[in-house]
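K.L.:
3D model of this:
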Amino acid sequence: MIKRYNIYADLFLFMRKKTISGIIMAIGFLLSPLSWWNDVFINLPLAYLGGVFASLVFKDWFFPGVLVTYWLTNILGFLMIHFGVNGLTLREGETQRFHKKEIIVYLVATIVYTLAIFVLFKRGIVKLPWEYFMGG
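P.N.:
Residues are numbered from 1 along each chain as shown. As a prediction, the model looks like this:
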């Protein structure tokens, strides 16, 4: 019996991989510090939730839980962007590669971004969102 080659099945699998990679990249962009509005609507609510769960273990762990969860969402965003872009750009049969150096770069970028926002907030250059509208 002759096995038939179905180009449509291969095209479907190819498009499925690309679509999933695009969705992963989009979610990563929403979690990463690359989108300027993500903190108010996505990362800070997730970080607050992380702080609440941390404070269930020990009451003093709320703020550290918020900070760690905030960093994790930013790092996860960078990693998801990386995996999404790799999935979109890889050729058939190639595998994704991820090196320690890239993880360190993402970690340092996230920490620098967090420290920069903290300094801008402490100096009064950046305010809480409602302070812009209420004159606080």
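K.L.:
so which bits of the longest helix along the chain are buried?
P.N.:
Ranked by residue count, the top helix of the chain under DSSP state H comes out as helix 62-89. Buried residues in helix 62-89, counted by 16 or more other CB atoms under 10 Å: 62, 65-67, 69-87. Every residue, glycine included, has its C-beta placed from N, CA and C.
K.L.:
and it, how far from the chain's centre?
P.N.:
Chain-centre distance of helix 62-89: 3 Å, with CA atoms, centre = their mean, to the nearest Å.
K.L.:
show me what it is packed up against.
P.N.:
helix 7-31, helix 44-57, helix 100-122 (3 or more CB pairs under 8 Å, 6 or more residues apart in numbering; DSSP states H and E).
K.L.:
among those helices, which is the most enclosed?
P.N.:
helix 44-57 (a mean of 16; mean count of other CB atoms under 10 Å).
K.L.:
that one - contacts with which helices or strands?
P.N.:
Short answer (3+ CB pairs under 8 Å, 6+ apart): helix 44-57 packs on helix 62-89.
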